[in-house]
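A.B. asks: model the structure of this input:
(one chain, ligands or ions: 1)
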Amino acid sequence: MQAEATSDMWSKRREAVKTKIDESASSLNDLSQDIWSHPELAFEERYAHKVLTDFFEKEGFEVTRNYHLETAFKATYGIDGGIHVCVICEYDALPEIGHACGHNLIAECGAAAGLGIKAALEFGGTPIGRVTVLGTPAEEGGGGKIDLINAGAFEGMDIAMMAHPYPNNLSRPMMIAVDRVTISYKGLAAHASTAPWEGVNALDAAVMCYNSISVMRQQLKPEWRVHGIFSNGGAKPNIIPEEAELFYYMRAPTQEALSQVKKKVVGCAQGAAVATGCECIVKDLRGYANVVTNPTMATIYEKEATQMGVVLDDHGGSGSTDMGDVSYVVPSIHPMYYMGTVAANHSRPFTAAAGAAAAQPPTLIQAKSLALTALEVMKPGNEEVLANIKKDFALQMGGAKA
Ligand SMILES: NCCC[C@H](NC(=O)CCN)C(=O)O
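C.D. replies: Next comes the predicted model:
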């Protein structure tokens, strides 16, 4: 009898997830549209932070604003001593092109999944664990999740999850490691017409470095990436530039491969310095680890998403995210989903799609899939599931950083 009650109870908990998310569709859409209409850059997401924390407070979560970072937050519900699930919200936009990576939808998806899990935990008045929604700023280049990891925000979490808008549906996307550097050259200014020979041209060095990297790229492996811009090209045409700077990203599936890529780039930078007589300074900026997808979690997610009608693809990814660093401290999944456009992320068409009504149904389906995945892990009697998740994680950590 107890077993049947449990199974009947469990079915009702699962239904509670979907019902709550469906009932909240309008307020979730308003939340997403509000964030989309107020694009804010990394670590400046003050408006998004306010509307999200107000939302979770109204929904009965225990909210901690300015959580280790001015625009980070924690919204939690449940009991301690059971399984602790973390759902991630992102909400930073890109310079000039707004929410061209759809982080307003990541925030909506995370909020919806948090609502759904809370509804299931509340059902029957007996929470069986805890759900924490973490608001993580500055994924696009600042790495707010890394600051939160370092502050201990992920301690005690059993699993972590989020979903990211993308041109197709990927349950196990290849999100690769990234390192970032600035390459600065210092030369000597001189009048570019009356006495150019007196100068040491920092821009020449930057151009030579850029060209060296461009030809070196032919020798990179297909999954490696090097891409950059001139961030300082000199002051005026009639002054031999005494300073110039490049800003580069380097990427590879593993840390070991990334170190090979970086060595090649630094070699190009140093070669240009020798050729021009400039001083060269290579400055490391924050990088991200590759995403290590937990197979047991991904298999559950794939079942739930497929049952929701999601048709999963098997190729794509090759961006980077600070969720990679989270996946090295907590078993994680970071599925990506089609939300109405095949346009590439970081494009103006993607910005438009992220604010369009067509993005809503796929986003809520992703939220339900994440929430039901979490629920399967939390289900009484499914202790073996969490054991397998942790076994996966231990094996993966044994070799992932290699
Ligand atoms: N240096 C950080 C780059 C992050 C950026 N991430 C994405 O585009 C995917 C998720 N927003 C990237 O260039 O890969």
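A.B. asks: now the residue of the stretch 301-402 of the chain found nearest the ligand, nearest residue through space, not along the chain?
C.D. replies: Proximity of the stretch 301-402 of the chain to the ligand (Cβ to the nearest ligand atom) peaks at Gly319, 3.4 Å away. Backbone N, C-alpha and C define where each C-beta goes, glycine included. The shortest distance from Gly319 to any non-neighbouring residue, by Cβ to Cβ, 6 or more residues apart in numbering, is to Met175 (5.9 Å).
A.B. asks: phi and psi next, for that neighbour.
C.D. replies: phi -100, psi 110 (degrees, to the nearest 10).
A.B. asks: with Val87 instead?
C.D. replies: Per degrees, to the nearest 10, the backbone of Val87 is at phi -110, psi 140.
A.B. asks: quick one: it from Val329, how far?
C.D. replies: 16 Å (Cβ to Cβ, to the nearest Å).
A.B. asks: these two: who's more crowded?
C.D. replies: The neighbour comparison of Val87 against Val329 (other Cβ atoms under 10 Å) goes to Val87, with 27 against 16.
A.B. asks: what residues are up against the more buried one?
C.D. replies: 110, 113-114, 117, 131-134, 160-162, 370, 374 (Cβ atoms under 8 Å, 6 or more residues apart in numbering).
A.B. asks: also Gly309?
C.D. replies: Residues near Gly309 by Cβ under 8 Å, 6+ apart: Ile365.
A.B. asks: buried residues, the helix-or-strand element of the chain with minimal mean pLDDT. List them.
C.D. replies: The weakest-scoring helix or strand in the chain, judged by mean pLDDT, DSSP states H and E, is helix 2-23 (a mean of 82). Neighbour-count burial for helix 2-23, counted by 16 or more other Cβ atoms under 10 Å, picks out Trp10, Arg13, Arg14, Ala16, Val17, Lys18, Lys20, Ile21.
A.B. asks: could you do stretch 28-46 as well?
C.D. replies: Buried residues in stretch 28-46 (16+ other Cβ under 10 Å): 28-29, 31-32, 34-36, 38-40, 42-45.
A.B. asks: what's the span of it, first residue to last?
C.D. replies: End-to-end distance for stretch 28-46: 19 Å, by Cα to Cα, to the nearest Å.
A.B. asks: now that stretch: average pLDDT?
C.D. replies: In this model, stretch 28-46 carries a mean pLDDT of 98.
A.B. asks: now swap in stretch 93-108 and tell me
C.D. replies: Taken as a whole, stretch 93-108 has a mean pLDDT of 97.
A.B. asks: do that stretch and the ligand meet?
C.D. replies: Yes. Judged by Cβ under 6 Å from any ligand atom, stretch 93-108 comes into contact with the ligand through Cys101.
A.B. asks: quick check: the gap between the residue nearest to Gly319 and Phe55.
C.D. replies: 27 Å.
A.B. asks: ok, and what's touching the one helix or strand Lys74 maps to?
C.D. replies: Per DSSP states H and E, Lys74 falls inside strand 73-78. The contact list for strand 73-78, computed with Cβ under 8 Å, 6+ apart, reads 49, 52-53, 56-57, 60-67, 84, 114, 118, 121-122, 127-135, 153.
A.B. asks: pull up the pairing partners for that strand, direction included.
C.D. replies: Its sheet considered, strand 73-78 pairs with strand 62-64 (antiparallel), strand 129-135 (antiparallel) by DSSP bridges.
A.B. asks: could I get the CA-only coordinates of that strand as CSV?
C.D. replies: Written as CSV, here are the backbone C-alpha positions of strand 73-78 (Å, rounded to 0.1, in the frame of the first residue of the first chain):
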residue,chain,number,x,y,z
PHE,A,73,21.8,35.9,-5.7
LYS,A,74,20.7,32.8,-4.0
ALA,A,75,17.1,31.7,-3.8
THR,A,76,16.5,28.5,-1.9
TYR,A,77,13.7,26.2,-0.6
GLY,A,78,13.4,22.9,1.1
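A.B. asks: before we move on, the earlier item: now, of the contacts of strand 73-78, which are buried?
C.D. replies: 49, 52-53, 56, 61, 63-65, 67, 84, 114, 118, 121-122, 127-135, 153.
A.B. asks: near the ligand too, which of those residues?
C.D. replies: Among the buried ones among the contacts of strand 73-78, proximity to the ligand is found for none (Cβ under 6 Å from any ligand atom).
A.B. asks: which residues does the residue nearest to Gly319 contact?
C.D. replies: Asn290, Val291, Gly317, Ser318, Gly319, Ser320, Thr321, Met323, Gly324, His334.
A.B. asks: specify which member of those is nearest to Leu170.
C.D. replies: Of all the contacts of Met175, Leu170 sits closest to Gly317, with 6.1 Å by Cβ to Cβ.
A.B. asks: and this protein, what are its domain boundaries?
C.D. replies: Domains of the chain are assigned by the TED database as 1-174+291-400, 177-288.
A.B. asks: single out the most deeply packed of the ones you listed.
C.D. replies: Among the domains of the chain, domain 1-174+291-400 has the highest mean neighbour count (mean count of other Cβ atoms under 10 Å), at a mean of 20.
A.B. asks: just put the strands paired with strand 73-78 in a markdown table and tack on mean pLDDT.
C.D. replies: Listed next are these as a markdown table, based on pLDDT from 0 to 100:
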| stretch | mean pLDDT |
| --- | --- |
| strand 62-64 | 98 |
| strand 129-135 | 97 |
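A.B. asks: nearest to Pro361, out of the ones you listed?
C.D. replies: Pro361 sits nearest to strand 129-135 of all the strands paired with strand 73-78, at 21.4 Å, using Cβ to Cβ.
A.B. asks: may I have that closest one as CSV, with CA atoms only?
C.D. replies: The C-alpha coordinates for strand 129-135 follow below in CSV (Å, rounded to 0.1, in the frame of the first residue of the first chain):
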residue,chain,number,x,y,z
GLY,A,129,15.3,17.8,-0.3
ARG,A,130,16.4,21.3,-1.3
VAL,A,131,16.4,23.4,-4.5
THR,A,132,18.7,26.4,-4.8
VAL,A,133,18.6,28.8,-7.7
LEU,A,134,21.9,30.6,-8.1
GLY,A,135,22.0,33.9,-10.0
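A.B. asks: can you list contacts of whichever helix or strand comes after it?
C.D. replies: Downstream of strand 129-135, the next assigned helix or strand under DSSP H and E is helix 144-150. Contact partners of helix 144-150, identified using Cβ under 8 Å, 6+ apart, comprise 42-43, 67-69, 71-72, 88, 134, 136-139, 154, 286, 288, 322-323, 325-326, 329.
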